[in-house]
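>>> test case, fold it:
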Amino acid sequence: MTSVPGAPRLAADSPVVVVGGGVVGLCTAYYLSTAGLPVEVVERRALGSGVSRGNAGWVCLSHSTPVPAPGIVRYALRSLGRPDSPLYLRPLPDPAFLRWLWRFWRSSTPAAFRHGYAAIAELNRDTFDLFDGLHDANVPTTLTRPGMVHAFLSPSEARHHLAIQREMAHGHYPIPDDVTTGPEAHLLDQALSPQVRAAYLVEGEGVVDPEAFARSLGDALSAAGVKVHEHAEVTGFRSAGEGVTALSTTQGEIPCSAVVIAAGMSSPRLLRALGHQLPLQAGKGYSFSVNLEPAPKHTLYFGERRAVASPIGGATRIGGTMELSGNNNRLDWRRIVAVALASRQYLGHWFEDPDDLVSLIRDPWVGGRPFLPDGLPVIDRLPKHNNAFAATGHGMLGVTLGPATGHRLAEYILTGQRPDALQPFRFDRLRR
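Here you go, the predicted structure:
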């Protein structure tokens, strides 16, 4: 990649500083570094310790959709007062939260959903090729592609879900002709219980160990000479004209030729320091790991309960729920129990009593996945800044879209020309 008019003036002696050590930030730093730019990464905790750490690790095409979808608000309203619901809404007396919910509702129309789905599918087009490229460059991605089994308790619900997926796939990924029903359904994966009465397999869908993937990216960056500042919090920026010239951190000042904000739920605070408002809310997800016998061989989606299971690191990671209860990381044990109970309908009675969970599971986790009200990330240069960029708001798709986001954003930074695939993720769409 070569610089052209319109690109930021990237000084050879000042790095591009990426703020955020999750998968999105690390992938952005990786592609900038491989293009020959000096790069530094600033992470306020340890690399991969945020939302990247405890998610389901899916790298998939069939579930890369915006969260605001037709019917989602009605579903959310039914969850009021029900902490065991897959989608739990707890209204807050906060005008910003209420505005976010209103915009979320406005984004849940069929037309908006189709627009968002098409945008994500286009960005996702080269995802598996990019993972292959990382592997070929000796970055241990941990990616395997066992395929995803969609499991249901009801054949009618399975057929309804398959019909929606077939309509939206548009050839981007293979979809089976029909569902497997009856006693044969649970045989699609050895871990499924006989309660599963309908299921289908989407072949080729992948899974990674997200924490190990983040560590591998960090190791690759360090080996390439990229300086990584862990446990360093950004406290401000120094600017000149329309450009950012340095970042103030708890470990000192870092000069920069450009800056990328990819800091998840910390992004709004950082962007406010640059004069921009970002309506980001945390969609809290929960997960835990357990040893199952037999363990699943595929990634699993539990249709009616919207829970998931993934084979990661020799164990089964079970996750689920979307909790809109403000920007916090408080772990509500009732939500862990709700996810476990939901999984038991599909995986059999792997525990007898919720009180047993304390001794059976490990690594109970909650993470605030960053969501914008239209369900799409922002991947763009900041208005009124010629060298400041944002890559945040990926929600549940940070692992899937991390390489594609990093690759396209690096192209944008180097050339000054916004790639067509990034058009739907512009910053100015949030002001309409």
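
>>> so is D428 in a helix, a strand, or just coil?
Under DSSP: H, G, I helix; E, B strand; the rest coil, the three-state class of D428 is helix.

>>> now it, nearest residue through space, not along the chain?
Using C-beta to C-beta, 6 or more residues apart in numbering and skipping the chain neighbours, the partner closest in space to D428 is P383 (6.4 Å). Where you see a C-beta, it was placed from the backbone N, CA and C, and this is true even at glycine.

>>> dump the residue contacts of the one you found.
H276, F427, D428 (C-beta atoms under 8 Å, 6 or more residues apart in numbering).

>>> going by neighbour count, which of the residues you listed comes out on top?
Ranked by the number of neighbours (other C-beta atoms under 10 Å), the contacts of P383 place H276 first, at 20 neighbours.

>>> how about it, what does it touch?
Contact analysis of H276 by C-beta under 8 Å, 6+ apart lists L382, P383, F427.

>>> what's the distance between the residue lying closest to the first one once chain neighbours are set aside and R103?
In other words, L382. Among residues not flanking L382 along the chain, A388 sits closest, at 4.5 Å (C-beta to C-beta, 6+ apart). Distance, A388 to R103, by C-beta to C-beta, to the nearest Å: 24 Å.

>>> neighbour count winner among these two?
Counted by other C-beta under 10 Å, A388 and R103 do not tie: A388 has more neighbours, with 25 against 16.

>>> other SSEs contacting the longest helix along the chain?
Longest among the helix segments of the chain by residue count, using DSSP state H, is helix 398-415. Contacting helix 398-415 under the criterion 3 or more C-beta pairs under 8 Å, 6 or more residues apart in numbering; DSSP states H and E are the following elements: helix 23-34, helix 51-54, strand 58-59, helix 110-123, helix 127-136, strand 258-261, strand 378-381, strand 388-392.

>>> got the angle for that helix vs helix 23-34?
Counting by axes from the mean of the first three to the mean of the last three C-alpha atoms, to 10 degrees, helix 398-415 points 40 degrees away from the direction of helix 23-34.

>>> avg pLDDT for helix 398-415?
Mean per-residue pLDDT for helix 398-415: 98.

>>> so which bits of it are buried?
Neighbour-count burial for helix 398-415 flags 398-415 (criterion: 16 or more other C-beta atoms under 10 Å).

>>> how about stretch 107-120?
When burial is assessed from 16+ other C-beta under 10 Å, stretch 107-120 yields the following buried residues: S107, S108, A112, F113, H115, G116, Y117, A119, I120.

>>> can you report how many residues neighbour A220?
20.

>>> show me the contacts for it.
When contacts are counted by C-beta under 8 Å, 6+ apart, A220 is found next to Y30, A137, N138, V139.

>>> same thing but at 7 Å, please
Y30, V139 (C-beta atoms under 7 Å, 6 or more residues apart in numbering).

>>> and the pLDDT at it?
In this model, A220 is scored at 98, pLDDT.

>>> in what helix or strand does it lie?
With secondary structure defined by DSSP states H and E, A220 is part of helix 210-223.

>>> what separates the helix or strand following that helix from the chain centre, distance-wise?
The C-terminal neighbour of helix 210-223 among helices and strands, as given by DSSP H and E, is strand 227-230. Taking C-alpha atoms, centre = their mean, to the nearest Å, the mean C-alpha location of strand 227-230 is offset from the chain mean by 22 Å.

>>> now strand 227-230 - C-alpha only, CSV.
C-alpha atoms of strand 227-230 as CSV (Å, rounded to 0.1, in the frame of the first residue of the first chain):
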residue,chain,number,x,y,z
LYS,A,227,5.7,-1.6,21.3
VAL,A,228,2.7,-2.7,23.4
HIS,A,229,1.8,-0.7,26.5
GLU,A,230,-0.3,-2.8,28.8
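
>>> list the buried residues of it.
V228, H229.

>>> partner strands of it, parallel or antiparallel?
Counting by DSSP bridges, the strands paired with strand 227-230 are strand 39-43 (parallel).

>>> could I get the CA-only coordinates of the partner strand as PDB?
Taking Å, rounded to 0.1, in the frame of the first residue of the first chain, the C-alpha atoms of strand 39-43 are listed here in PDB:
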ATOM      1  CA  VAL A  39       2.800   1.100  15.400                       C
ATOM      2  CA  GLU A  40       2.200   1.200  19.100                       C
ATOM      3  CA  VAL A  41      -0.700  -0.300  21.100                       C
ATOM      4  CA  VAL A  42      -2.100   1.000  24.300                       C
ATOM      5  CA  GLU A  43      -4.300  -1.200  26.500                       C
END
